[in-house]
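A.B. asks: here are the coordinates; sequence isn't available:
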Ligand SMILES: CC1=C(CCC(=O)O)c2cc3nc(cc4[nH]c(cc5[nH]c(cc1n2)c(C)c5CCC(=O)O)c(CCC(=O)O)c4C)C(CCC(=O)O)=C3C
Ligand SMILES: [Fe+2]
């Protein structure tokens, strides 16, 4: 029995090496192996960003940063664990480690600030399935935390710093987030509404006027289904071709980390699409292990501890 509380940080996870990609992708596809062309295409995207994504190291740094901030303020009270949905250490294994340590209170926080039953809701479900026969363990979950002031300011401060450029008539900010199949949104999922509310809060905090920004979606799957749109590549190219825009400022507020969707979909794909049309791309920095992000996570832990 321990008075310690566990903080469980949960995310998608990323392959550690190329040889992990098949198992990882199979898990994402609900335990169905991907067809060879899809697999090859994913491998080529990871290879294009250097073989693997920095995401695993960043998640570790976030966990260490949070542990350090909590230890400083509440010595010995918290232990931070990390669990992934699609690769080891799995969320379920992290919860088993927490139980083995004799910890009776768990604060579950997704490393993704917008709630989606499909995504972050499922992280919590995976954690709780391990606790079914552990009535003495309390699991408290963070739903959305994009409203956190430090996180909002992480984005709005960068926009304010770019204000002289944003005020130029040939410049436009594109705010983006990962798309989802429309069938999920039509089923009542709050993800799109949360993301758009987040984007509006960021631009309002930065003092942007409505003509200075637009909202778009990125990284939609290559499937027949309808996904949330418009896609940011199309939006960027239309701005350049039809609206005399020369400079696009990309803010992927849907994510908190440098990952495949940033380093490939923005830094390679979007950039090339913009440059092909004669435009120029500036991408805002991602929070990663910035002190503002760590403070946001700590604030979330303290909120759950008070609840
Ligand atoms: C909403 C959302 C987020 C944001 C919220 C959050 O951050 O949690 C997110 C994040 C991420 N998604 C990631 C990786 C992948 N997602 C895929 C596929 C899919 N994602 C989806 C949704 C999301 N995904 C969906 C609806 C699919 C279709 C799959 C299906 O249901 O059939 C695929 C398969 C190939 C492909 O389609 O590209 C991969 C490799 C990585 C890690 C990247 C790295 O390694 O750096 C991260 C952070
Ligand atoms: Fe994904």
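C.D. replies: Okay, I see it. Given the structure is predicted, the values throughout are model-derived calculations rather than measurements. Ligands and ions are numbered 1, 2, ... in the order given.

A.B. asks: What parts of the chain come near ligand 1?
C.D. replies: Counting by C-beta under 6 Å from any ligand atom, the residues of the chain close to ligand 1 are 11-12, 14, 25, 28-29, 42, 53, 55, 112, 119, 178, 180, 221, 255, 259-260. All C-beta atoms are positioned from the backbone trio N, CA, C, and that covers glycine.

A.B. asks: Would you list the buried entries among the residues you listed?
C.D. replies: For those, a neighbour count by 16 or more other C-beta atoms under 10 Å gives the buried set as 11-12, 14, 25, 28, 42, 53, 55, 112, 119, 178, 180, 255, 259-260.

A.B. asks: Closest one of those residues to residue 208?
C.D. replies: When those are compared for distance to residue 208 (C-beta to C-beta), residue 255 wins out at 20.0 Å.

A.B. asks: shouldn't that closest one be in contact with residue 266?
C.D. replies: No: at 9.6 Å, residue 255 and residue 266 do not qualify as touching, with contact defined as C-beta atoms under 8 Å.

A.B. asks: Show me this protein divided up by domain.
C.D. replies: Using automatic domain parsing, the domain ranges for the chain come out as 2-145+289-306, 149-283.

A.B. asks: Against residue 6, how distant is the residue in the stretch 201-307 of the chain positioned nearest to ligand 1?
C.D. replies: Ligand 1 sits closest to residue 259 of the stretch 201-307 of the chain, with a gap of 3.1 Å, by C-beta to the nearest ligand atom. According to C-beta to C-beta, to the nearest Å, residue 259 stands 25 Å off from residue 6.

A.B. asks: Same check on residue 274?
C.D. replies: Distance from residue 274 to residue 6, by C-beta to C-beta: 44 Å.

A.B. asks: what sits up against stretch 234-250?
C.D. replies: The contact list for stretch 234-250 (C-beta atoms under 8 Å, 6 or more residues apart in numbering) reads 159, 162, 165-166, 168-174, 176, 214, 216, 232, 266, 270, 273-274, 277-284.

A.B. asks: Report the separation between the two terminal residues of stretch 131-142.
C.D. replies: Its first and final residues considered, stretch 131-142 spans 17 Å by C-alpha to C-alpha, to the nearest Å.

A.B. asks: How about stretch 154-172?
C.D. replies: First-to-last residue span, stretch 154-172, C-alpha to C-alpha: 19 Å.

A.B. asks: How about that stretch, which residues are buried there?
C.D. replies: Across stretch 154-172, burial judged by 16+ other C-beta under 10 Å covers 154-156, 158-159, 162, 166, 171-172.

A.B. asks: Next: stretch 137-154.
C.D. replies: For stretch 137-154, burial by neighbour count (16+ other C-beta under 10 Å) applies to 137, 139-142, 144-146, 148, 150-154.

A.B. asks: Now do stretch 34-43, average pLDDT.
C.D. replies: Across stretch 34-43, pLDDT averages out at 97.

A.B. asks: Revised request: answer the last question for stretch 286-304.
C.D. replies: For stretch 286-304, the mean pLDDT works out to 98.

A.B. asks: Determine how far it lies from the middle of the whole chain.
C.D. replies: 13 Å (C-alpha atoms, centre = their mean, to the nearest Å).

A.B. asks: before we move on, what about stretch 201-210?
C.D. replies: Between the centre of stretch 201-210 and the centre of its chain there are 21 Å (C-alpha atoms, centre = their mean).

A.B. asks: Of all the residues in that stretch, which ones are buried?
C.D. replies: By 16+ other C-beta under 10 Å, the buried positions in stretch 201-210 come out as 201-203, 205-206, 208.

A.B. asks: Switch those residues over to a markdown table; also include pLDDT, secondary structure and distance to residue 227.
C.D. replies: Formatted as a markdown table, these follow (pLDDT from 0 to 100; DSSP: H, G, I helix; E, B strand; the rest coil; distance: C-beta to C-beta, whole Å):
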| residue | pLDDT | secondary structure | distance to residue 227 |
| --- | --- | --- | --- |
| 201 | 98 | helix | 24 |
| 202 | 98 | helix | 23 |
| 203 | 98 | helix | 23 |
| 205 | 98 | helix | 28 |
| 206 | 98 | helix | 28 |
| 208 | 98 | coil | 26 |
